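Undergrad: everything below, folded, please.
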Amino acid sequence: MDEANVWHQMFYFMYNFVITHLVAAGVCFLLTTLIKYNFGRLRPHFLEICQPDTLPSPAQPYVSSYTCRGTNRKALEDVFLSFLSGHASAAAVGVTYAVLYLQERMHLKIVPLVRPLIQTTYICSCFYVIFTRFTDFKHHVTDLIGGLLLGILCGLVFFLRYLSQMRTIGL
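TA: Reported below is the predicted structural model:
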């Protein structure tokens, strides 16, 4: 195989990898946004942002009518979009795709622990993102788990599509 053909094959390979990864992230973002706007729920810091004129009390634990006194319009719109976590789904789709790619394509016989080390670093960074969204009271645990599962599903589906394309052409 001549050098020009090798470069052409590498470019084709990387182009398909990047495009498929971007499509996976785009589909994941679209699904996350659709779910957020159709099934969203209140964020844990709702009372802090809304500053309702009526608060629950032991005599009246359920408040059905209130007026938000909060002045930050963008925060008031965002406070209803807790489910699914966009950060969790974005981190999970990227990490899932990258970890599977490394598992399939990176084979280092000289230093066999490099691949698991990189994969573990990616996975830890994903869980760091998820954990910070919980500790800053932006999401409930179920929002984060839902985003994580959606991201993993999108990453897995699109990686398998990418892998079948590469195996079809013999790479």
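Undergrad: next, count neighbours for the nearest residue to Arg69 once chain neighbours are set aside.
TA: Leaving aside its sequence neighbours, Arg69 sits nearest to Gln51 (Cβ to Cβ, 6 or more residues apart in numbering; 4.3 Å). Quick note: C-beta positions are derived from backbone N, CA and C, even for glycine. Residues lying near Gln51 (other Cβ atoms under 10 Å) number 16.
Undergrad: do you know how far Gln51 is from Val27?
TA: 37 Å (Cβ to Cβ, to the nearest Å).
Undergrad: just Ser89 next, same as before
TA: 10 Å.
Undergrad: shared neighbours of those two, anything?
TA: Cys154 (Cβ atoms under 8 Å, 6 or more residues apart in numbering).
Undergrad: more crowded one of the two?
TA: More neighbours surround Ser89 than the other of Ser89 and Val27, with 31 against 15 (other Cβ under 10 Å).
Undergrad: His21 in helix, strand or coil?
TA: Under DSSP: H, G, I helix; E, B strand; the rest coil, His21 falls in the helix class.
Undergrad: quick check: closest non-adjacent residue to it.
TA: Tyr97 (5.3 Å).
Undergrad: check what pLDDT the one you found gets.
TA: Note on Tyr97: pLDDT of 95.
Undergrad: burial count for it?
TA: 25.
Undergrad: how close does the residue sitting furthest away from the middle of the chain get to Phe17?
TA: The outermost residue of the chain relative to its centre, with distances by Cα atoms, centre = their mean, is Ala59 at 41.2 Å. Distance, Ala59 to Phe17, using Cβ to Cβ: 61 Å.
Undergrad: secondary structure element for Arg161?
TA: Using DSSP states H and E, Arg161 maps to helix 141-168.
Undergrad: return the set of buried residues in that helix.
TA: For helix 141-168, a neighbour-count test (16 or more other Cβ atoms under 10 Å) marks 143-144, 146-148, 150-156, 158-159, 162-163, 166 as buried.
Undergrad: next up, the contacts around Phe80.
TA: 40-43.
Undergrad: highest neighbour count among these?
TA: Arg43 (22 neighbours).
Undergrad: where does the closest residue to Leu31 other than its chain neighbours land on pLDDT?
TA: Nearest residue to Leu31 in three dimensions, chain neighbours excluded: Leu150, at 6.1 Å (Cβ to Cβ, 6+ apart). pLDDT, Leu150: 98.
Undergrad: just the strands in the protein please.
TA: Shown for the chain, no strands are assigned by DSSP state E.
Undergrad: in it, what spans have low per-residue confidence?
TA: Within the chain, the ranges that satisfy pLDDT under 70 run 1, 170-171.
Undergrad: Tyr15: neighbouring residues, count only.
TA: Neighbours around Tyr15, by other Cβ under 10 Å: 10.
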